[in-house]
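Trainee: generate a structure from the sequence data that follows.
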Amino acid sequence: MSDVFISYARSTASQAQRIAEALRGLGYSVWRDDDLPAHRSYAEVIEERLTAAKAVVVVWSHEAARSEWVQSEADRARNIQRLVQVRIDDAQLPMPFDRIQCADLTGWAGDLQAHDWLKVVGSIADLVGQAPAAPIVAALPALPSRTSIAVVPFANLSNDPEQAYFVDGMVEDIVAALARFKSLFVISAGSNMVAGGKEITAQEAARQLGVTYVLEGSVRKAAGRVRVVLHLIDTSNGAEIWSDRLDDTLEDMFALQDRVAERVAGVLESTLWDEDIKRAVARPTANISSYDLYLRSIPLFRLSRKEEMFQSIELLDRAIELDPTFAMAMSQSCVCRRQVIDHGWCDDPDPLRRRALELADHALRLAGDDARVLAQVAASLPGLEGSVERAITLMDRAIVLNPASAFVWLVSGSVRLRAGDPERAAEHLETSIRLDPISATTNPFARMYLASARFQQGRFDDALALFRSTVMRLPVSYAVLASLYGHLGQVDLAREALETFRDLTMGAVEDYADIWFARPQYRKLFMDGIALAEGKAPTDAAEHR
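Mentor: Below you'll find the predicted structure:
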C-alpha cells in the first residue's frame, strides 16, 4: 500500500500529478486514481487505498470544493486524522475544512523550496513517520532579512492522545494568524525535524535555519476547561523574552482556537517589533542596512519631539535610498512628516506634504496588501489631505487583511477619532487593547487615544483614569488633558498640562481644535475646557460637565 493518497478534481489532474511526482522524488510512495485497476469497483478501490494510506493529500480547487467525491474523501481523511490540505486556486473551502490549516500552492510550479510546499512535506513526514529523502531542514530556503519565527508543536498535557488534533489545530491557527503579518517570516516546524540523518529539537533546527525566535507551548484540556502556556525564546541565547498563560472554557473548540491565535498574534506583534528595535540599536552603525535604519527611526519617532522627528525622517530617507522598494519605510516617513506638519515644526510645510503624498502613493503601489503599510499611510493622510475619507477606506481594508493586528486596530481608532466618531474609535481602540494588553508600545498608545475618545464622549472620570494609566503622550494629548482638567475643576493641573503642550508645539491650541475635533460639539467641548483651564468662563461650559 502507498504512503500518500491524493484526492483531486479532474480539471486539476496536472497539478495533482506535479504534487505526486515531487513526493515520489522525496522517497514516498504515492497513489492517485489514474492507477485504478480495470477489473475492480472504483468506489471499493478508493476506499481501500484511502484507508490504507498514512497521509491523504486533498487538492482543493473550485471544482473540488463542489465535488461530492472529494468532500467524501476529505471527510474520511479528517476522521482518521490523516488529512493534509493544499489549495491551488482561490476557492472557498467547504465546511468544516475551512477551519483546518491549508497550504497555499496557488501557481506552484514544483519549487521544492517553496515555503508552503515545505509545510506539506513536514506534515506528510509526521504522518508517515519517515523523513523525506532530502532532509527537510536542509531544503528550507534562506530566510529573508525580516523577523523570523518558528512555531513548534505544542505539548499535549491532557494525557489523552486523541486530543492531539485539538493541540495541532491550536498551533495551526496561531501560524495562520502570524502569517498575516507581512513583516514576519513564519515557519511551522514539524514534530520530527531531521538534520544530517539525526533527529534534532525544534530549537536546534531553528538555530540552524537562522530563525530569530521560537514560539513553544503546552495545552492542558480537562473538565471543560483549557489552559494554554506559551513561551517565546530568543534562539541566539536561549533566553525567554515573553511568556503567557491563557485559561478559558471549552464551549466552542474552534472559537477558543481563534481567541488564542488572535491573542498570541496581537501580543507577539509588539513584542517582536520591540526586540528587533533593541537589536538594531545595539548593532554598530558601520555598514548598516536599510532595515536597521528603519528600526532605528522608530524610537525617535515615538518621542514625538521636533528634533527627534527630523532625525527619524533622515534615517528613513537613507533607508529608502538604500532600498527604493521599502514600502514600510515610506509609509512610516509619511507619518513622521504629518507629525511635523500637525505640530507646526517647520516654516514651509508644502514640500513636506508633497513628498509625503508621493511616498504614500508609492508605498500603496508596492505593498497594497500589507496591513501595516496601509495603516501607516492611513494614519498620515488626514494631516496631509485635510480629510479622512481615504484613510478610513484604507483602514477598513487593513482590518480585513489582518484582524489580529493590535497596531491596525490602534490606527483605525485614531483615524476615526480624528473623523469625529468617538464611539467607533473607542470600539476599535478597545479591540487593540484586548489583542495587546501588555506591550510597552501599542497598548499605551491605544489607552492614550481611548482617553481622548472617552473625553469626547463626556466620560471624564474614565478619561482621566486612562490618562493616568499611561505615560505615553503626544503633544495633542496634553491639550486634551488640559481641557479635561478644566472641566473637572482641577485648574492647577490644567494649566500645567497646557504649559507642557505649548512647550512642545509651535501652533496655537485653536489650530489643534480644528485638526483633532471634526464636529462642532466636540470642538466646543475641547475649547470650553481650555477656557476653564485659563480661568475664563465659557458660554454653556456647565452643560459639558
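Trainee: and the next element down the chain from the helix or strand where Ala465 lies?
Mentor: In this assignment (DSSP states H and E), Ala465 forms part of helix 460-468. Remark: after helix 460-468, the chain's next helix or strand is helix 475-487, criterion DSSP H and E.
Trainee: pull the distance from the next helix or strand after that next one to the chain's centre.
Mentor: Downstream of helix 475-487, the next assigned helix or strand under DSSP H and E is helix 491-504. The chain centroid and the centroid of helix 491-504 are separated by 37 Å, computed with C-alpha atoms, centre = their mean, to the nearest Å.
Trainee: for the helix holding Ala465, buried residues please.
Mentor: 460, 462-464, 466-467 (16 or more other C-beta atoms under 10 Å). C-betas here are computed from N, CA, C, even on glycine.
Trainee: check which helices and strands it sits against.
Mentor: helix 442-456, helix 475-487 (3 or more C-beta pairs under 8 Å, 6 or more residues apart in numbering; DSSP states H and E).
Trainee: CSV please, covering those helices and showing mean neighbour count, mean pLDDT and distance to Gln15.
Mentor: CSV is the format used below for the helices and strands packed on helix 460-468 (neighbours: other C-beta atoms under 10 Å; pLDDT from 0 to 100; distance: least, C-beta to C-beta, whole Å):
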stretch, mean neighbour count, mean pLDDT, distance to Gln15
helix 442-456, 25, 93, 41
helix 475-487, 25, 92, 55
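Trainee: would a markdown table of the buried residues of helix 460-468 with distance to Ile438 be doable?
Mentor: Formatted as a markdown table, the buried residues of helix 460-468 follow (distance: C-beta to C-beta, whole Å):
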| residue | distance to Ile438 |
| --- | --- |
| Phe460 | 27 |
| Asp462 | 21 |
| Ala463 | 22 |
| Leu464 | 22 |
| Leu466 | 16 |
| Phe467 | 19 |
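Trainee: just those now: which is nearest Thr271?
Mentor: Leu466 (22.5 Å; C-beta to C-beta).
Trainee: chain neighbours aside, what residue packs nearest to that closest one?
Mentor: Ala451 (3.7 Å; C-beta to C-beta, 6 or more residues apart in numbering).
Trainee: how about Asn443?
Mentor: Asp436 (5.1 Å).
Trainee: how many neighbours does the one you found have?
Mentor: Counted with other C-beta atoms under 10 Å, the neighbours of Asp436 add up to 26.
Trainee: swap in Glu496?
Mentor: Around Glu496 there are 16 other residues, counting by other C-beta under 10 Å.
Trainee: distance check, it against Tyr28.
Mentor: Per C-beta to C-beta, to the nearest Å, Glu496 is found 72 Å from Tyr28.
Trainee: the buried residues of helix 460-468 into TSV, with extra columns for pLDDT and distance to Phe310?
Mentor: Output for the buried residues of helix 460-468, formatted as TSV (pLDDT from 0 to 100; distance: C-beta to C-beta, whole Å):
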residue	pLDDT	distance to Phe310
Phe460	96	36
Asp462	95	36
Ala463	95	32
Leu464	95	33
Leu466	93	30
Phe467	92	28
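Trainee: confidence-wise, which helix or strand of this protein is lowest on average?
Mentor: Averaged element by element with mean pLDDT, DSSP states H and E, the chain has its least confident helix or strand at strand 193-195 (a mean of 40).
Trainee: so where do the strands sit in the stretch 1-150 of the chain?
Mentor: For the stretch 1-150 of the chain, the strands defined by DSSP state E, counting those that start in this stretch occupy 4-7, 30-31, 55-60, 83-87, 103-104, 147-151.
Trainee: for Cys334, find the nearest of the ones you listed.
Mentor: Closest among the strands of the stretch 1-150 of the chain, using C-beta to C-beta: strand 147-151, at 22.1 Å.
Trainee: which other helices and strands contact that closest one?
Mentor: Strand 147-151 packs on helix 164-179, strand 184-188, helix 202-209, strand 213-222, helix 253-282, going by 3+ C-beta pairs under 8 Å, 6+ apart.
Trainee: quick one: strands adjacent to the very next helix or strand once past that strand?
Mentor: Scanning forward in sequence from strand 147-151 by DSSP H and E, the next helix or strand is strand 155-156. Using DSSP bridges, strand 155-156 pairs in its sheet with strand 213-222 (parallel).
Trainee: angle of the partner strand against helix 164-179?
Mentor: Orientation note: strand 213-222 sits at an angle of 140 degrees relative to helix 164-179 (axes from the mean of the first three to the mean of the last three C-alpha atoms, to 10 degrees).
Trainee: next SSE after strand 213-222?
Mentor: strand 225-234.
Trainee: using PDB, list the CA coordinates for that next one.
Mentor: Taking Å, rounded to 0.1, in the frame of the first residue of the first chain, the C-alpha atoms of strand 225-234 are listed here in PDB:
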ATOM      1  CA  ARG A 225     -11.500  24.000  30.600                       C
ATOM      2  CA  VAL A 226      -8.300  24.600  28.700                       C
ATOM      3  CA  ARG A 227      -5.000  26.100  29.800                       C
ATOM      4  CA  VAL A 228      -2.500  27.200  27.200                       C
ATOM      5  CA  VAL A 229       1.000  28.200  28.300                       C
ATOM      6  CA  LEU A 230       3.300  30.000  25.800                       C
ATOM      7  CA  HIS A 231       7.000  30.800  25.700                       C
ATOM      8  CA  LEU A 232       8.800  33.000  23.200                       C
ATOM      9  CA  ILE A 233      12.500  32.000  23.000                       C
ATOM     10  CA  ASP A 234      15.400  34.100  21.500                       C
END
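Trainee: about what we covered before: could you dump the helices and strands packed on helix 460-468 into CSV and include distance to Pro403?
Mentor: CSV is the format used below for the helices and strands packed on helix 460-468 (distance: least, C-beta to C-beta, whole Å):
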stretch, distance to Pro403
helix 442-456, 15
helix 475-487, 27
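Trainee: out of those helices, which comes closest to Asp396?
Mentor: helix 442-456 (18.1 Å).
Trainee: CA atoms only: put the closest one into PDB for me.
Mentor: Extracted in PDB, the C-alpha atoms of helix 442-456 (Å, rounded to 0.1, in the frame of the first residue of the first chain):
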ATOM      1  CA  THR A 442       1.000  49.700  21.100                       C
ATOM      2  CA  ASN A 443      -1.000  49.300  24.300                       C
ATOM      3  CA  PRO A 444       0.000  52.600  25.900                       C
ATOM      4  CA  PHE A 445      -0.800  54.500  22.600                       C
ATOM      5  CA  ALA A 446      -4.200  52.800  22.500                       C
ATOM      6  CA  ARG A 447      -5.000  53.800  26.000                       C
ATOM      7  CA  MET A 448      -3.900  57.400  25.300                       C
ATOM      8  CA  TYR A 449      -6.200  57.600  22.300                       C
ATOM      9  CA  LEU A 450      -9.000  55.800  24.200                       C
ATOM     10  CA  ALA A 451      -8.700  58.500  26.900                       C
ATOM     11  CA  SER A 452      -9.400  61.200  24.200                       C
ATOM     12  CA  ALA A 453     -12.400  59.200  23.000                       C
ATOM     13  CA  ARG A 454     -13.800  59.000  26.500                       C
ATOM     14  CA  PHE A 455     -13.300  62.700  26.800                       C
ATOM     15  CA  GLN A 456     -15.300  63.400  23.700                       C
END
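Trainee: got the strands of the stretch 1-150 of the chain as JSON lines, with distance to Ala425 columns?
Mentor: Shown next, in JSON lines, are those (distance: least, C-beta to C-beta, whole Å):
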{"stretch": "strand 4-7", "distance to Ala425": "48"}
{"stretch": "strand 30-31", "distance to Ala425": "54"}
{"stretch": "strand 55-60", "distance to Ala425": "39"}
{"stretch": "strand 83-87", "distance to Ala425": "37"}
{"stretch": "strand 103-104", "distance to Ala425": "35"}
{"stretch": "strand 147-151", "distance to Ala425": "29"}
